[in-house]
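Q: Fold the following and give me the result.
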Amino acid sequence: MNSEANARRIAMVESCFGTSGQSLNEPGRVLVGEGVLTKMCRKKPKPRQFFLFNDILVYGNIVLNKKKYNKQHIIPLEEVQLSSLEDDGPFRNGWLIKTPIKSFAVYAATATEKAEWMAHINKCVTDLLRKSGKKAAEKHAAVWVPDSETQVCMHCKKTQFTLINRRHHCRKCGKVVCGPCSSKKVILTHQSNKPLRVCLTCHDEISSSQSQTGNSTPVNSNMKEPGSEGKYEADMKETANDSSGEDDSDEDTDDPSIHSPPATTEEKLPWLSFSFPLCNT
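A: Predicted coordinates for the structure are as follows:
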């Protein structure tokens, strides 16, 4: 494609995110297309602007349509795996975007648009893995159950959620659980090098598995290290607030760094409902 036209398009995307976004202009990077998808967030479905490049997927909150976005998220396509979702009532034309750090559901306006999105993303992923010689990621983060799916803890089946008894999410299985049922932490190496909140069932399963393999015991968030009272209280305050976000379910775990090397998509595919045609490469 025309490298100057591609550079202008990428510069335009960068300008729409303003100073809050990262630079997207990398050697060999091509902007394939963009469009609005409905992302299933923890509180409710919300429209998000998505930009598909040949090596990364970028999305953000829509502040002013086609002119301004914020809360930029960058997902290396080498880590992505897609899974189609069956239509379920008002939720139609959806699929899962799964990565080791974060997984979530998105929905397109039409079945055709869904097919085009999935075809292009899968093509970019295949090209990247082939050129890098890497294997696809084997572990992916759990898709969080939306808050609205349950009014009681999905672990103990007893605790009713209120303004006092707040919802939390297990980072291992994605279920909505109460505070006492998610008081433990473990290190999920594919998600973070820091201990993450998990439900008691997942904690016991991981503990049992690590005991059998001789690995270290998962971190217990109820235990304090000597001299770490201040750090502990700050950490527990942070995890207690994991149910208060207005936007994306696990926004604090997003890794904005770009790990994938730029590549070039070789095969042209038709593209529908995008603001510009698929770039020729």
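Q: Hmm, Gln151 is touching Lys158, no?
A: No: using CB atoms under 8 Å, Gln151 is not in contact with Lys158, being 11.6 Å away. For every residue, glycine as well, the C-beta is placed using N, CA and C.
Q: Let me see the ranges of the helices in the stretch 1-150 of the chain.
A: 3-17, 111-132 (DSSP state H, counting those that start in this stretch).
Q: Please identify the one among those helices that comes closest to Tyr59.
A: helix 3-17 (10.6 Å; CB to CB).
Q: For the closest one, buried residues please.
A: 6, 9-10, 13-14, 16-17 (16 or more other CB atoms under 10 Å).
Q: for that helix, what is the average pLDDT?
A: On average, the pLDDT along helix 3-17 is 92.
Q: ok, residues contacting it?
A: The contact list for helix 3-17 (CB atoms under 8 Å, 6 or more residues apart in numbering) reads 21, 23-25, 29-31, 34, 51, 58, 60, 66-70, 72, 276, 279.
Q: if you look at these, which of them are in strands?
A: Mapping the contacts of helix 3-17 onto strands (DSSP state E) picks out 31, 34, 51, 58, 60, 68-70, 72.
Q: Mind checking which of these are buried?
A: Buried, going by 16+ other CB under 10 Å: 31, 34, 51, 58, 60, 69, 72, out of those.
Q: Could you check how far the fifth one is from Lys185?
A: When CB to CB, to the nearest Å is applied, the distance between Gly60 and Lys185 equals 30 Å.
Q: For Lys71, see how far away Arg167 is.
A: Taken as CB to CB, the span from Arg167 to Lys71 is 21 Å.
Q: neighbour count winner among those two?
A: The residue with more neighbours, out of Arg167 and Lys71, is Arg167; 24 against 16, by other CB atoms under 10 Å.
Q: my guess is that one meets Pro146, correct?
A: No: judged on CB under 8 Å, Arg167 makes no contact with Pro146 at a distance of 10.0 Å.
Q: Now the ones in strands among the contacts of helix 3-17 in TSV, please, with extra columns for pLDDT and distance to Ser103.
A: Compiled in TSV, these are given as follows (pLDDT from 0 to 100; distance: CB to CB, whole Å):
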residue	pLDDT	distance to Ser103
Leu31	94	24
Glu34	94	22
Phe51	96	19
Val58	96	17
Gly60	95	18
Lys68	93	27
Tyr69	94	22
Asn70	93	22
Gln72	95	19
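Q: Return the helix or strand in this protein with minimum mean pLDDT.
A: Least confident helix or strand of the chain, by mean pLDDT, DSSP states H and E, is helix 229-240 with a mean of 39.
Q: Could you give the number of residues near the closest residue to Asp87 other than its chain neighbours?
A: Distances taken as CB to CB, 6 or more residues apart in numbering place Asn93 nearest to Asp87, at 7.2 Å, with adjacent residues excluded. Other residues within reach of Asn93, judged by other CB under 10 Å, total 20.
Q: Asn93 reaches Ala111, doesn't it?
A: Yes: Asn93 is within contact range of Ala111, at 5.3 Å (criterion: CB under 8 Å).
Q: related to what we said a few turns ago, and which of the buried ones among the ones in strands among the contacts of helix 3-17 is nearest to Lys123?
A: Comparing those against Lys123 with CB to CB places Leu31 closest, at 14.9 Å.
Q: Since that was my last question, I'll sign off now.
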